[in-house]
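**Student:** Mind folding the following:
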Amino acid sequence: MDEKKTVHFGSRLVPEDERQARVNEIFDSVANRYDLMNDLMSLGMHRLWKRLVALETGLKQGESAIDVAGGTADIAMLLARRVKDAGRVVVYDINREMLKVGKDKCVDAGFLRNIRFVQGNAEEISFPDNTFHAATIGFGIRNVTRLGAAFKEMARIVKPGGRVICLEFSHVKNPVLAKLYDFYSFSVIPAIGEAVTGNREAYVYLPESIRKFPAQGELKKIMEDAGLYRVRYTDILSGIAAMHTGTKV
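**Tutor:** Predicted coordinates for the structure are as follows:
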């Protein structure tokens, strides 16, 4: 009898068909404090990085976009400001609790017309080919089991000439900064996570999943293999995060 295929869940190996359920459990438990934790962990810088993503889309008034694994809708609201009421933005996320938080935020911020929330798996996106002018995914691709499948889906649903943009924590290139970042990631972040959310395990998983994530060049190759062209990436803070952009021909 064949053994089950295993994949990384943080630093542990788990059966591939169990990983998504484990990820869901984490986000179910931290959804209400997710935005606060992002602010604390990045000192608010993640908001600036997400603005770079919105700018990179090149979206214009009246166009459409999908933010995959978009949960609490930070990027979606930035995209909605670009496309305005004549356009539309879809927040697409597998986790119901994260979507609830995102909906509440959008209502509070007055985004009632042009943002739609859809629950679904990034590996099987429930929209037809060539639907959107751009697709984004911010700090979500690490939580997808099959990266290549997710990028193929994003490439499929984007119109020819549209962009797929991925913002994700990555691999630090400066060796001194890398050591400081390791200490912060493995000692400080779990302590903050436990104090704020009561779930230390979720914020042990976070830095472990970053370390197991493909480096910048590897991710570029995955996007190219998914059918995207002119793929390029920009390092942020020496690679603490990186923004990858690919275009559909």
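
**Student:** for stretch 54-66, how far is the first residue from the last?
**Tutor:** Its first and final residues considered, stretch 54-66 spans 11 Å by Cα to Cα, to the nearest Å.

**Student:** longest single strand anywhere in the protein?
**Tutor:** Assignment by DSSP state E gives strand 158-169 as the longest strand of the chain.

**Student:** Run me through the strand neighbours of that strand, direction for each.
**Tutor:** Here strand 158-169 is paired, per DSSP bridges, with strand 132-138 (parallel), strand 241-247 (antiparallel).

**Student:** Quick check: buried residues in that strand?
**Tutor:** Residues 158, 162-169 are the ones in strand 158-169 that count as buried (16 or more other Cβ atoms under 10 Å). (Each C-beta comes from the backbone N, C-alpha and C, glycine too.)

**Student:** can I get those in CSV with pLDDT and distance to Leu43?
**Tutor:** Listed next are those as CSV, based on pLDDT from 0 to 100; distance: Cβ to Cβ, whole Å:
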residue, pLDDT, distance to Leu43
Val158, 98, 33
Gly162, 97, 33
Arg163, 98, 28
Val164, 98, 28
Ile165, 98, 23
Cys166, 98, 22
Leu167, 97, 17
Glu168, 96, 18
Phe169, 94, 14
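
**Student:** picking that back up, tell me the helix or strand right after the longest strand of the chain.
**Tutor:** Following strand 158-169 in sequence order, the next helix or strand is helix 175-183 (DSSP states H and E).

**Student:** For Arg145, list the residues it contacts.
**Tutor:** Wrong residue type there; residue 145 is Thr, not Arg. Taking Cβ atoms under 8 Å, 6 or more residues apart in numbering, we find Thr145 in contact with 7, 16, 19-20, 123.

**Student:** What subset of those residues is buried?
**Tutor:** By 16+ other Cβ under 10 Å, the contacts of Thr145 give 7, 19-20, 123 as buried.

**Student:** and the helix or strand harbouring Arg230, what does it pack onto?
**Tutor:** Counting by DSSP H and E, the secondary-structure element that holds Arg230 is strand 229-236. Counting contacts by 3 or more Cβ pairs under 8 Å, 6 or more residues apart in numbering; DSSP states H and E, strand 229-236 packs against helix 45-57, helix 216-225, strand 241-247.
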